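Novice: Below are the sequence and a predicted model for it; my questions follow.
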Amino acid sequence: MGLVGATLLAMSFSATSQHAFNNADKAVEYRQKALSIMQNNFAVMGDMVKGDIEFDGVIFAERATDFAALSAIPWIGFSQPGAQPGNNTDALPAIWDNWDDFVERAEQFQNDAKALQEAAAAGDQGDIRKAFMAAARNCKGCHDQYKD
Ligand code: HEC
């Protein structure tokens with residue numbers, strides 16, 4: 001085994017203990033499920049913002065709180081070695097070619113999700129709408145670059 005092989009092996013050992021994923025497939029499954037539950041919360045808020053269902057400030061604030069918490073969850077599932085694109089994922093290789101940008105987007109997204117949670121707790125519908133739209137722009141921005 002050369003130096004590169006030894007380094008990769010060391011990386012995968014430390015990542016396994018650090019992230020508690022057994023393998024890349026588990027990491028892909030983990031991030032997809034996290035994104036999916038996050039989307040469930042976002043969709044309810046979207047229906048209220050669009051007026052498809054009646055606005056309920058209490059329910060909105062609950063969804064916004066869960067959404068903000070969930071906005072932090074998926075990203076660790078992208079950093080497991082070997083969790084790069086395969087048949088089981090829509091993640092594009094560009095993520096790992098532009099890792100710093102991807103991480104920055106994920107952080108900005110969490111900030112905007114937190115701002116939405118705060119607006120929802122404060123209860124002003126105009127502010128809530130603006131914060132929702134700001135959060136929504138993160139989805140499209142990142143998907144356009146990094147999702148198939
Ligand atoms: C920082 C980048 C980024 C942001 C921000 C982001 N996504 Fe994604 N999303 C991805 C990537 C990459 C995938 C593909 C993951 C995969 O298939 O492994 C994805 C996949 C998904 C999926 C499919 C999950 C599945 O079951 O396969 C849903 C749903 C989703 N995103 C919803 C959202 C919503 C809603 C938002 C905003 C509120 C959002 N995402 C914000 C990068 C992002």
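Specialist: Now that the structure is in, tell me what you want to look at. Numbering: from 1, shown residues only.

Novice: from here on, contacts and neighbour counts on C-alpha atoms
Specialist: Noted.

Novice: Provide a list of residue ranges in the chain with pLDDT below threshold.
Specialist: 1-22, 85 (pLDDT under 70).

Novice: Go again with 90.
Specialist: For the chain, applying pLDDT under 90 flags the ranges 1-26, 79-88.

Novice: Return the residues of it in contact with the ligand.
Specialist: Residues of the chain found near the ligand (CA under 6 Å from any ligand atom) are 28, 32-33, 35-36, 39, 42, 89-91, 102, 105-106, 109, 136, 138-139, 142-143, 146-147.

Novice: where along the chain do the helices fall?
Specialist: Ranges of helices within the chain are 3-19, 24-50, 57-70, 94-97, 99-122, 125-146, based on DSSP state H.

Novice: Out of these, flag the one nearest residue 77.
Specialist: helix 24-50 (4.6 Å; CA to CA).

Novice: buried set for the closest one?
Specialist: Neighbour counts over helix 24-50 (16 or more other CA atoms under 10 Å) mark 24-25, 27-32, 34-35, 38-39, 41-42, 44-46, 48-49 as buried.

Novice: From the chain's centre, how far out is that helix? Work that out for me.
Specialist: Centroid displacement of helix 24-50 relative to its chain, using CA atoms, centre = their mean, to the nearest Å, is 8 Å.

Novice: Alright, I will stop here.
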